[in-house]
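A.B. asks: Sequence first, then the predicted structure:
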Amino acid sequence: MKNRNIDFSMVLALAVHDMKNSLGMLLNSLDELRAENEAKLTESSKFNTLQYEAERIHNDLVQLLGIYRLGENNLSAHIEEHSVSEFLSEHLARHTPLLEGLGIECSIESDDINGFFDTDLLTGVLNNTINNAIRYTKSEIKLTAAEREGYLVIRVEDDGEGYPESMQHTGPLSFKSLDFNTGSTSLGLFFVSAVANLHSEGDRKGYIKLHNGGELGGGVFEIWLP
Amino acid sequence: MSDPNENVFGKLSYLVVDDFENFRISMRHMLRSCGADNVELVAHAKPAIEYCTYNHVDVVLCDYNLGKGKNGQHILEELRHKKLLKRSSLFLMVTSESSREMVMGAREYQPDAYLTKPINHAMLEKRLSSLISQRNALLPINREIDRENYPEAISLCNAALSRLPRYKTWLMKTLGELYFLLGDLSYAIKVYDEVLSQRELSWARVGRNKVLLANHRYDEAVESLRKLIKSHPDYMEAYDLLAEGLERQNRSGQAQNVLELATTRSPNALLRQKHLAELAEANQDMETATEAWRQTVRLGAHSIHHSPDHHIALAHALCDLSDGDTDEGSQALAHEAISVLASMERQFSESKTLELHSLVIQCRIQAGRGEVEKANSMLESISERLSEIHPLELEMGLDYAKTLYRLDNVREAKTLLARLHESYGEDPEAARKIESLLDEPVSFRMKIKARGLNREGIAAFESGALKEAEETFSKALEIIPDHPALNLNLIQVLIKQHEDTGSIDKLTDRCQQHISRLDDLPEQHGQYRRYLALQRKLKALTL
């Protein structure tokens, strides 16, 4: 590409934008298909895989765009006050058809509190973690929210095998720590960690924690927001 | 809280706007299974607006991307602007893109919520039901705002703060806006300070700065807005306010830079582009002004802010840029100006004066291209038609005067400007426009050249290089011979030379010649007092 003045990341971003929109249409049709053919499709593992993988790609693309804007220094958190339980239940509704199809039980345990966050960005975070949990859980996912040490803590727990040793950690992830050789690049985690970091209040910044155990005995994802 | 068995969906009327039939039908299906009964479906902006004109709608679900023509944001603007949709009604923007880019685009009128596709039934039900409970809880307040009974709305907000803590953000935002609308700035700032004392939130920071600007506390506001933009580079409203603040501080160059940055980040807000165009024009940056006017015209196509004034302004800018050169680039600009005017005439064909106004500019464009004969014959027919119009509109009159100057009909131009001054001179802005045209009746390139020479001349004068100052001012006066300040500057140099050397004869002749150019300088002109002083001094010298 010598002497051609092509801003490749810009081209990528535009292409990703386009793909994301197409995928949105595709997901919409899948939802409709499921609704129209409930009897036949609810138990169909092929259909569930189709929807799950499409959701995952969609989610990846949204993240890619987020990371692009982060790199362009054009992403910031527009923090407002929201009801946490309302936000979580609205969010979970999006995953309901697939969860039902997969036979995964999902519940919310949230104190009746308000929190300060950017709903768009946090939606991206939850999509990522819930998709991840769907992949690794056996039968159950639980969302909880509570206030701890002056932070709003949202947890996503599952009853799967949990995170491998190498992934468990607390605090911000740097772009350099991404390993492109292991197959799982943790790009999602990088994005999620960056979003947490965009949420700040005074000197305090948000962060994420990954560990195992919790009430369901599987992986536990936590995002701490000041 | 409402009774959970009560059907909150059934009581309201819905309008779904989407260009895909499948999506419209599936949306209606989902709404019906939520319990909605009264659901209307339309595909495009026109039927949507028509429907809202004749029917009461409580909830609009509108897709952002509607193919060709108006998009969802245009519909929202038009509905709210024409008050076809009350504040107590909900407007939900349905998008397949992430909402942020669109939030950034808009400068006014934001939807009550965004729904991001794909949308399923469970999601829609949850989201809509919480929006509807919010609507119902806040209905009495919004009703008072719709009636413009702001004091009542304020006391309802205050009463609701302890009763509805869940909607605290909405209540505080609304309170700030209402106090601001009523002009009660000290209460408005109290509201924002209270929010900010708990937490740094951008919306409250922006609100507070708006109040500071209204209070003439420009330095404070400018500093705070700069900080906000640094931490939130995608918060567009902050750029608009910062530009406003800088303008009030008379730093219009910096204001322009801020808006240029904002329009690269978010190019689709018409009012922002227009603001940039006007600023750049005032800063004599005609390239930037032209591009911003181009964008303003482009964005106007589907907007409620569509106006022929934007076309005229763009044609002016293009005409100015192309004037005085016959190279390819200038030819293209002149060509573009003519096609912009033609498209304006097509879009606003009902206006006769507009057509005439367009001819006045076209005539000047022809003159600029060197087609003097053609221009003169156009001028003849224009003059005839214009002589029948009384009184002449200000902008049209100014344009006509420019064209007259361009074709060297200086006397007619001056008479016309005097007449305009009689009719519009009481308005200071109009008087300023008339005056600056009288002073500098040339294209902006020439103006800039003359201004540069004027600055050089002043510098030379101050450093004592009188000969050089004299030559520089004279050069500038060759471009704009009637410019009052320039004439007076030259006279001052000549008097100083006289004081230094003592020679008198030739000098007074030249001074007389220059002072007599200002014989008809109107009393309210900024240079009038200086003119009188120098005139007296000159008399004393010649006695």
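C.D. replies: Sure thing, it's come through. Nothing here was measured: the structure is a model prediction, and the numbers come from that model. Numbers count the residues shown, from 1 in each chain, chains lettered A, B, ... in the order given.

A.B. asks: drop to CA atoms for contacts and neighbour counts, all remaining ones
C.D. replies: Fine.

A.B. asks: avg pLDDT for stretch B:284-304?
C.D. replies: Mean per-residue pLDDT for stretch B:284-304: 93.

A.B. asks: quick one: the helices in chain A?
C.D. replies: Counting by DSSP state H, chain A has helices at residues A:8-36, A:38-41, A:45-71, A:84-102, A:119-136, A:187-198.

A.B. asks: is chain B contacted by the first one?
C.D. replies: This means helix A:8-36. Yes - using C-alpha under 8 Å from any C-alpha of the partner chain, helix A:8-36 reaches chain B at A:H17, A:K20, A:N21, A:G24, A:M25, A:L27, A:N28, A:D31, A:E32.

A.B. asks: Can you check the pLDDT for A:S177?
C.D. replies: A:S177 is assigned 59 on the pLDDT scale.

A.B. asks: Helix or strand: which one has B:L437?
C.D. replies: Using DSSP states H and E, B:L437 maps to helix B:428-439.

A.B. asks: now that helix: mean pLDDT?
C.D. replies: 86.

A.B. asks: Which positions in that helix come out as buried?
C.D. replies: For helix B:428-439, the neighbour count (16 or more other C-alpha atoms under 10 Å in any protein chain shown) marks B:A430, B:A431, B:K433, B:I434, B:E435, B:L437, B:L438, B:D439 as buried.

A.B. asks: Which member of the residues of helix A:8-36 next to chain B is positioned nearest chain B?
C.D. replies: Chain B has its nearest neighbour among the residues of helix A:8-36 next to chain B in A:N28, at 4.6 Å by C-alpha to the nearest C-alpha.

A.B. asks: Now the closest one. Nearest residue, chain neighbours left out?
C.D. replies: B:P118 (4.6 Å; C-alpha to C-alpha, 6 or more residues apart in numbering or on different chains).

A.B. asks: That neighbour: what's it in contact with?
C.D. replies: A:G24, A:M25, A:L27, A:N28, B:S96 (C-alpha atoms under 8 Å, 6 or more residues apart in numbering or on different chains).

A.B. asks: Same list (those) but as a markdown table, adding neighbour count, distance to B:E78 and pLDDT.
C.D. replies: As requested, the contacts of B:P118 are exported to a markdown table (neighbours: other C-alpha atoms under 10 Å in any protein chain shown; distance: C-alpha to C-alpha, whole Å; pLDDT from 0 to 100):
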| residue | neighbour count | distance to B:E78 | pLDDT |
| --- | --- | --- | --- |
| A:G24 | 22 | 28 | 79 |
| A:M25 | 17 | 28 | 77 |
| A:L27 | 22 | 31 | 84 |
| A:N28 | 18 | 29 | 78 |
| B:S96 | 20 | 22 | 69 |
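
A.B. asks: Columns distance to A:L143 on top of these, output as TSV?
C.D. replies: Output for the contacts of B:P118, formatted as TSV (distance: C-alpha to C-alpha, whole Å):
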residue	distance to A:L143
A:G24	25
A:M25	28
A:L27	24
A:N28	25
B:S96	26
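
A.B. asks: helices or strands up against the helix holding B:L437?
C.D. replies: Applying 3 or more C-alpha pairs under 8 Å, 6 or more residues apart in numbering or on different chains; DSSP states H and E, one finds that helix B:428-439 contacts helix B:394-406, helix B:410-424.

A.B. asks: three-state assignment of B:V211?
C.D. replies: Look at B:V211: counting by DSSP: H, G, I helix; E, B strand; the rest coil, its state is helix.

A.B. asks: what helix or strand does B:A450 sit in?
C.D. replies: helix B:444-462.

A.B. asks: Pull out the buried residues from that helix.
C.D. replies: By neighbour count on 16+ other C-alpha under 10 Å, the buried set for helix B:444-462 is B:444-447, B:450-451, B:453-454, B:456-458, B:460-461.

A.B. asks: go on, stretch B:58-67?
C.D. replies: For stretch B:58-67, the neighbour count (16+ other C-alpha under 10 Å) marks B:D58, B:V59, B:V60, B:L61, B:C62, B:D63, B:Y64, B:N65, B:L66 as buried.
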